[in-house]
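Asks: After the sequence you'll find the predicted model.
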Number of protein chains: 2
Amino acid sequence: MAQFCFGVDVGGTTIKMGLFDTVGNVLDKWEIVTRTEDHGVEILPDIAKSIQAKMAEKSIEKSAVIGVGIGIPGPVDGKGVVYECANLGWGVFNVNDTLSEILQGIPVRTGNDANVAALGEMWRGGGQGFDNLVMVTLGTGVGGGIIVDGEILTGAIGAGGEIGHIHVQDGEPDQCGCGNYGCLEQYASATGMVRIANRYLDSFTGETCLKKGELSAKDLWDAVKAGDKAADEICEQFGKYLGEGLAAVACVTNPQIFVIGGGVSKAGEVILPYVEKNYKPIVFRGSRDAKFTLAKLGNDAGIYGAAKLVL
Amino acid sequence: MAQFCFGVDVGGTTIKMGLFDTVGNVLDKWEIVTRTEDHGVEILPDIAKSIQAKMAEKSIEKSAVIGVGIGIPGPVDGKGVVYECANLGWGVFNVNDTLSEILQGIPVRTGNDANVAALGEMWRGGGQGFDNLVMVTLGTGVGGGIIVDGEILTGAIGAGGEIGHIHVQDGEPDQCGCGNYGCLEQYASATGMVRIANRYLDSFTGETCLKKGELSAKDLWDAVKAGDKAADEICEQFGKYLGEGLAAVACVTNPQIFVIGGGVSKAGEVILPYVEKNYKPIVFRGSRDAKFTLAKLGNDAGIYGAAKLVL
């Protein structure tokens, strides 16, 4: 009998859902709205209804469903307990048990969304063929997902892989979203790149196509591709912070590969040398040959990784 | 029938060995010499002979031995392959298979010595009751051992937990033993503390009991205990580097506890606040409440952890 599983990626505004076979082919994918009102009390019932409707539509029996994997935008421990997921309005409770009960016993496994995306990239994306992997998501923030011997590194209370909050700079006057000062995220996220660019342009007097106060991370990489010297120096700063942060990660987990995703990575291969050349000279030799590659699954990494959670 | 296991801690000059029951009581311990000549070809046969002699002495049948665990001073992967263990003269080969064959099939498991010591401290030492733990050994160098969900974090080629080589300082003129510049080990090891002390004293003109060029890490902590201001400021530097390095580790693995061992830790509880007060303000909030404690097993951590490898 054919077997199936579901991968669910819960975001603050939409929930992405996928129906998978057991070898990683997505058979169908769709989205539903995230209803965050009333402390998000309808989120899990909505997911259950959508899964049950899909099972009816495809004539899939309950016994043919291996399980449902879910990625959540917040800390989750190894047993599926979420700790105050602010984006969803959730407090502390066990997602595995709650959703499994609504689904009449179908097994559920829950992970942090950045960790789950890393699992997806390992399974069917840029990290295929490796089982010791670090995924870095460079978006509004810097997210991290760490895979050790094929398993997500969750940590004691689900705060493993929070590599965007490695301290990389003393004396930073601006505060990070986490409350600290000088986190990697403040320099290597899309937002962070713009921040360091504006600072750089404050004292820059040469010629550049960059316009202080009106630029995006994409503009910076476009300018690099066009040979702009100021953009090159700004991206060098980005690379230095990120290379240093990832070298610290490598001294801890000794990965085979770094997979770089998120909005900033859409600039393409151009970003990799900036990171790699700053990583290599300072990392411990046992991790010096780790590869750097771009993520491949884009916004689908979450549903792939979630599905993999239950396989 | 009573069951037993052996824990073996291989050092460059002596091999420590212990006979254990299955709940972690050491029944006997002894040492043999490490014969490193001829690329260390006699080391494993010597260990096997010593184990067999102990079994004969105690009338222990082969069937009563669950296994032999070994800690090695170099990188070891999850299958027991060592990668060029310079101190022992070893090249690349599988220790598990080789020793098990000499021991006529008794199961053998091998780990890196710093990782194995961490396992020992978790099992019967300062980290008892925790299964997400980071052990830091502050000796001639800075060794690290990381336990995630009760298991050693080995990494792709056994270079996981090399936290002494996290880059913590740009522009360092002196070279680390690993070949890099600015590694944590250069500031937080016993040797590193002396180095930063001598630098500090170069430009220090106030009163101090410290004598440049003639001091040890122990002298520094003794001076701190005696209220010496210069020693306090030097140890503050030590704490800043170590706190920053451990905060980076925590952003990766989210441990419950840091266990600090090695020669420097013999100074006692006095060292903990220097590290902790520099760790807390910069670490991600999910790891802010991690505990700091001293190692308890001293030089025996290796044999305890090695025994635990096979249980």
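Replies: Yes, it's here.
Asks: measure the residue nearest the centre of chain A to chain B for me?
Replies: In chain A, the C-alpha closest to the average C-alpha coordinate belongs to A:Ala114, at a distance of 3.2 Å (CA atoms, centre = their mean). Taking CB to the nearest CB, to the nearest Å as the measure, A:Ala114 falls 12 Å from chain B. For the C-beta atoms, the positions are set from N, CA and C on the backbone; glycine is no exception.
Asks: what helix or strand does that residue sit in?
Replies: In the assignment (DSSP states H and E), A:Ala114 maps to helix A:113-124.
Asks: tell me the secondary structure for the nearest residue to A:Gln237 once chain neighbours are set aside?
Replies: If the residues on either side of it in the chain are set aside, A:Gln237 comes closest to A:Ile196, at 5.4 Å by CB to CB, 6 or more residues apart in numbering or on different chains. The three-state label given to A:Ile196 by DSSP: H, G, I helix; E, B strand; the rest coil is helix.
Asks: A:Ile196 reaches A:Phe238, doesn't it?
Replies: Yes: if you go by CB atoms under 8 Å, A:Ile196 and A:Phe238 touch, sitting 6.9 Å apart.
Asks: More neighbours: those two, which one.
Replies: Regarding A:Ile196 and A:Phe238, a neighbour count based on other CB atoms under 10 Å in any protein chain shown identifies A:Phe238 as having more, with 25 against 18.
Asks: The stretch 1-150 of chain A: strands as residue ranges?
Replies: A:4-10, A:14-20, A:26-33, A:65-72, A:81-83, A:92-94, A:108-112, A:133-138, A:142-148 (DSSP state E, counting those that start in this stretch).
Asks: any idea of the angle the first one forms with strand A:108-112?
Replies: Direction vectors for strand A:4-10 and strand A:108-112, defined by axes from the mean of the first three to the mean of the last three CA atoms, to 10 degrees, enclose an angle of 40 degrees.
Asks: just checking, what packs against strand A:4-10?
Replies: In terms of contacts (3 or more CB pairs under 8 Å, 6 or more residues apart in numbering or on different chains; DSSP states H and E), strand A:4-10 is packed against strand A:14-20, helix A:43-57, strand A:65-72, helix A:113-124, helix A:301-309.
Asks: Who does A:Phe258 form a beta bridge with?
Replies: According to DSSP bridges, the residues that bridge with A:Phe258 are A:Val134, A:Phe292.
Asks: Mean neighbour count and mean pLDDT for the strands of the stretch 1-150 of chain A - can I get that in a markdown table?
Replies: Putting the strands of the stretch 1-150 of chain A into a markdown table (neighbours: other CB atoms under 10 Å in any protein chain shown; pLDDT from 0 to 100) gives the following:
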| stretch | mean neighbour count | mean pLDDT |
| --- | --- | --- |
| strand A:4-10 | 27 | 97 |
| strand A:14-20 | 21 | 97 |
| strand A:26-33 | 14 | 97 |
| strand A:65-72 | 25 | 97 |
| strand A:81-83 | 19 | 90 |
| strand A:92-94 | 13 | 95 |
| strand A:108-112 | 27 | 96 |
| strand A:133-138 | 29 | 96 |
| strand A:142-148 | 28 | 94 |
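Asks: Present these as CSV; the columns should include distance to B:Ile303.
Replies: Output for those, formatted as CSV (distance: least, CB to CB, whole Å):
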stretch, distance to B:Ile303
strand A:4-10, 45
strand A:14-20, 47
strand A:26-33, 51
strand A:65-72, 41
strand A:81-83, 36
strand A:92-94, 40
strand A:108-112, 37
strand A:133-138, 33
strand A:142-148, 26
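Asks: how about the ones you listed, which one is nearest B:Ala190?
Replies: Evaluated over the strands of the stretch 1-150 of chain A, closeness to B:Ala190 peaks at strand A:142-148, with 30.5 Å, by CB to CB.
Asks: ranges for the strands of the stretch 201-311 of chain A?
Replies: Across the stretch 201-311 of chain A, reading from the start of the chain, the strands by DSSP E, counting those that start in this stretch fall at A:257-261, A:291-294.
Asks: Of the ones you listed, flag the one that's most buried.
Replies: For those, average neighbour numbers computed from mean count of other CB atoms under 10 Å in any protein chain shown are highest in strand A:257-261, which has a mean of 26.
Asks: now that strand against helix A:113-124, angle please.
Replies: Orientation note: strand A:257-261 sits at an angle of 120 degrees relative to helix A:113-124 (the same axes, to 10 degrees).
Asks: Look up the closest residue to A:Gly150, ignoring the ones flanking it.
Replies: The spatial neighbour of A:Gly150 that comes closest, neighbours along the chain excluded (CB to CB, 6+ apart), is A:Asp131 at 4.1 Å.
Asks: one step back: quick one, which of the strands of the stretch 1-150 of chain A is nearest to B:Lys79?
Replies: With distances scored as CB to CB, the stretch of those nearest to B:Lys79 is strand A:142-148 (15.2 Å).
Asks: Run the contact check for the closest one versus chain B.
Replies: Yes: where contact is defined by CB under 8 Å from any CB of the partner chain, part of strand A:142-148 touches chain B, namely A:146, A:148.
Asks: okay if I get the strands of the stretch 201-311 of chain A as JSON lines plus mean pLDDT and distance to A:Glu84?
Replies: Putting the strands of the stretch 201-311 of chain A into JSON lines (pLDDT from 0 to 100; distance: least, CB to CB, whole Å) gives the following:
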{"stretch": "strand A:257-261", "mean pLDDT": "97", "distance to A:Glu84": "26"}
{"stretch": "strand A:291-294", "mean pLDDT": "98", "distance to A:Glu84": "33"}
